[in-house]
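*Asks:* Sequence and predicted structure are below.
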Amino acid sequence: MRAIAAIARKDLLVELRTKESVPAMALFAVTTFVIFHFGLDRDRLEGELAAGVLWVTLLFAAILGINRLFVAEREQGGFDGILMAPIERTSLLIAKAGALIVYLVALELIALPVFALFFIDQGFWDAVPRLAAVILLADLGLAVVGAMLASIAVHTRARDLLLPILLLPLTVPVVIAAAAATKPLLSVPLETSGVAKWVAVLALYDLVFGLLAYAVFDFLMED
Amino acid sequence: MPALPLDEAGKYVAGAYGVFVTLLLVYVSIMGMKLQRIEREIQELIELAQRRLKEHG
Amino acid sequence: MIWCSAFWPTRYSTSSWRIDLESTLFGRGLKPLAVATTVLLATTLALVFFYAPNDADQGFIQKIFYIHVPLAIVALFGFVAAGVMGAMHLRTRDDSWDARSYVAIHMGVIFGVAVLATGAIWAKGSWGKWWVWDEPTLVSFLIVFLLYVTYYPLRYSIEDPQRRARYASVFAITAGAFVPINFIAVRLAENLVHPRVLNQTAGDMPGEMRLTFLVALAGIALLYVTLMKLELTSKNARRQLRRLRMLLEDERTGGAAPPPVATVPAKPV
Amino acid sequence: MAVEPTVTASAGPEHAAAPSVDAIALDRLVRNYGERAALRQVSFRVTRGTTLAVFGPNGAGKTTLLRMLATLLVPHQGELSVFGHPLPREAYLVRPLVGLLAHEPLLYHDLSARENLDFYARLYGVEAAHARIAYLLEVTGMTARADEPVRNLSRGMAQRIAICRAVLHAPDLLLLDEPRAHLDPEAAAMAEPLIGAHTGITRVLVTHEIEHGLAEADQVLGLRDGTVLIDSPAGQIDARQVRALYGARS
């Protein structure tokens, strides 16, 4: 536990100081919303279209953060320093996934209001409580798979290319479930039918890939 | 969509099985080329071995 | 999983992949397997075109079913099997498991190309367009295919051979776990009921059709195993040659046997 | 001069195993990189409290050897044990006892020296970290620059912080990869009490400065192409024999 806190604290400190990931992700998301506005030529979105635009944007913005996750460890020798320490190596995975969740939540705190401002007429704020649950579960899935794939990609030559093509197919179920769960919440009038089914799918995804990442992470760090 | 008349449907079925067979043949030809490369490499190694024998023989 | 034992090399030694020049031969059981495959596939073709009745509403076009669905099932089982082999490689550190996992995925991707091609042709024939989104198994197969295609760039972008084998195994395991989850998610997302023909695999097919289908499935499965064994034999042969070349070229040893190269399987954890 | 605060690393057991056990024991150790062998059948022993100097041309396997002792690389064949703990099985018992000073300082450029040391102190579970860090910074003369990002420090200063990091958790085995590189004489003198010969800690010193290495060493190891060519007490070896290691291929 001590190691997880130490590594996560270090990551958040570096992020606060360099402001490398979250601002870039937020800017990317807002610009993408504008592009969607012109691409779809729509001033207002609801239901599945709104859910689709939201989740595609969040997914691609998340990739920016995931790409940067292990770069400091790789380029400044952090890997050796951490792998030499008397700690459970999976704490590195948990710390990085935790840091990634913090980045994603920070991104969503900026992107969601902008999304509502751009596309949603009214009724957005009473959808927020359920929406927050869906978003957190989706973030957990993205964080677990993202952290694992980032630790793989960072050891390869073409890591900025490899990570997206590995991550996108793997997170298709997250996008399907998250969008399908968000669709009723963003439809006018607000519905809640079917949300539970998709929350269950998200939870299943998080559980399976969380356990799997935990089990294989030692093999990824071993040299 | 009503069932296609036999000759037209036949085209598609033939196409599907044709694709399967062609893929199989492409794979066999690739394996054939690999086999050729293996033979050539064995040839080179035999010469190398003979040279090595002369030096150390 | 019948094919797992079939392609186990007949003289399996735990250090089968350790290259001390008397390593395992993969090709031993190849000939009987190849014969069995050709016989089965020939019978399948005969059954499909002369024995199985035409489908009631799809008509003759439905004959593609006997090639498309078995290919898909075998490819998917191959992918999941590759995940098991990857796990075996991580556990035993024996490189031959990594080679099997690689070849299993390689074959799965090739079969995947055939699945998508025959699926598209069938879609064009019976629904008028080359790609249909409301066909859940085809859509989820495409996603699985897109994932497994990234196996090659992943494998070729890692230099250190030991690390490459480990990361490839982790990919195989992760992707193997992904296959069922992906099918669940896509199946739930497609509210359209599965078209009648494809859910006939659930067994309410008339007797002749089911027999033909089962023979076709066995034939394609055996084809997969045979091609995999062929690929493993050729890979092993090329690896032996590389070792032989190193041995001959290394003037320091001048032909004396250098230390074995491959990794020692650590005590299983 | 600041007094060195006593250090207890909560993570490690009551320091190393019984004193009689060898600090390092290698038996026909092999480490491959693909088809090429980086270390071929390397065997030697190092007794506790002594200093082993490792000489050899580039690519001889010196750094590979250090990284294996630091539990960063796993042996492919043969036996390796540190303080009686076989690696990699008991790596978690060895890690609190080992400090590595590598070519890279292993410091995060965006954090300050103090923040870096604080991070490693948390990782190693060093108690009274602040006092320990303050003492180390003062000994290496870096207190003044301790709160600037490491990015702004010169390579020599970063090396001093790296030395603090390597000895932060009071290791029983110090792995030093050309420790005096980038250090000016004054800094080298400052580092002496931390990583010098008389600290009594078992040390593995990789260096190309033959005279300096021989002077500090109790035992000498000569490596070339991954094989041991010299393994003898320092007294019985002179600089000429060591220099022969670097000659053209015999």
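*Replies:* Looks like it came in fine.
*Asks:* and the residue of chain A nearest chain B?
*Replies:* Of the residues in chain A, the one nearest chain B is A:P169, at a distance of 22.6 Å by CB to the nearest CB. C-beta: built from backbone N, CA, C; applies to glycine.
*Asks:* name the element that residue belongs to?
*Replies:* helix A:159-170 (DSSP states H and E).
*Asks:* For C:L214, grab the count of nearby residues.
*Replies:* By the criterion of other CB atoms under 10 Å in any protein chain shown, C:L214 has 13 neighbours.
*Asks:* now it: how far from chain B?
*Replies:* Distance of C:L214 to chain B, given as CB to the nearest CB, to the nearest Å: 18 Å.
*Asks:* Tell me where chain A has helices.
*Replies:* Under the criterion DSSP state H, chain A contains helices at A:2-18, A:22-40, A:47-68, A:71-75, A:78-83, A:90-119, A:128-153, A:159-170, A:172-186, A:195-221.
*Asks:* Let me have those helices in JSON lines, adding distance to chain D as columns.
*Replies:* JSON lines is the format used below for those (distance: least, CB to the nearest CB, whole Å):
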{"stretch": "helix A:2-18", "distance to chain D": "4"}
{"stretch": "helix A:22-40", "distance to chain D": "15"}
{"stretch": "helix A:47-68", "distance to chain D": "12"}
{"stretch": "helix A:71-75", "distance to chain D": "6"}
{"stretch": "helix A:78-83", "distance to chain D": "4"}
{"stretch": "helix A:90-119", "distance to chain D": "9"}
{"stretch": "helix A:128-153", "distance to chain D": "16"}
{"stretch": "helix A:159-170", "distance to chain D": "19"}
{"stretch": "helix A:172-186", "distance to chain D": "31"}
{"stretch": "helix A:195-221", "distance to chain D": "10"}
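*Asks:* Comparing those helices, which comes out most buried?
*Replies:* helix A:172-186 (a mean of 24; mean count of other CB atoms under 10 Å in any protein chain shown).
*Asks:* and it, is it in reach of chain C?
*Replies:* Yes - Helix A:172-186 is in contact with chain C by CB under 8 Å from any CB of the partner chain, via A:V172, A:P173, A:I176, A:A177, A:A180.
*Asks:* Which strands or helices does that helix pack on?
*Replies:* Helices and strands touching helix A:172-186, as assessed by 3 or more CB pairs under 8 Å, 6 or more residues apart in numbering or on different chains; DSSP states H and E, comprise helix A:47-68, helix A:128-153, helix A:195-221, helix C:161-189.
*Asks:* okay, the angle between it and helix C:161-189?
*Replies:* Following axes from the mean of the first three to the mean of the last three CA atoms, to 10 degrees, one obtains 30 degrees for the angle between helix A:172-186 and helix C:161-189.
*Asks:* what angle separates helix A:172-186 from helix A:47-68?
*Replies:* If you take the same axes, to 10 degrees, helix A:172-186 sits at 140 degrees to helix A:47-68.
*Asks:* got a list of contacts for the helix holding A:P169?
*Replies:* A:59, A:63, A:66-67, A:145-146, A:149-150, A:152-153, A:156, C:143-144, C:146-147, C:150, C:153-154, C:157, C:171, C:174-175, C:178 (CB atoms under 8 Å, 6 or more residues apart in numbering or on different chains).
*Asks:* same check, this time on stretch A:139-146
*Replies:* Contacts made with stretch A:139-146 from outside it, assessed by CB under 8 Å, 6+ apart, are listed as A:59, A:62-63, A:65-66, A:69, A:97-98, A:100-101, A:104-105, A:108, A:167, A:170-171, A:174, A:202, A:205-206, A:209-210, A:213.
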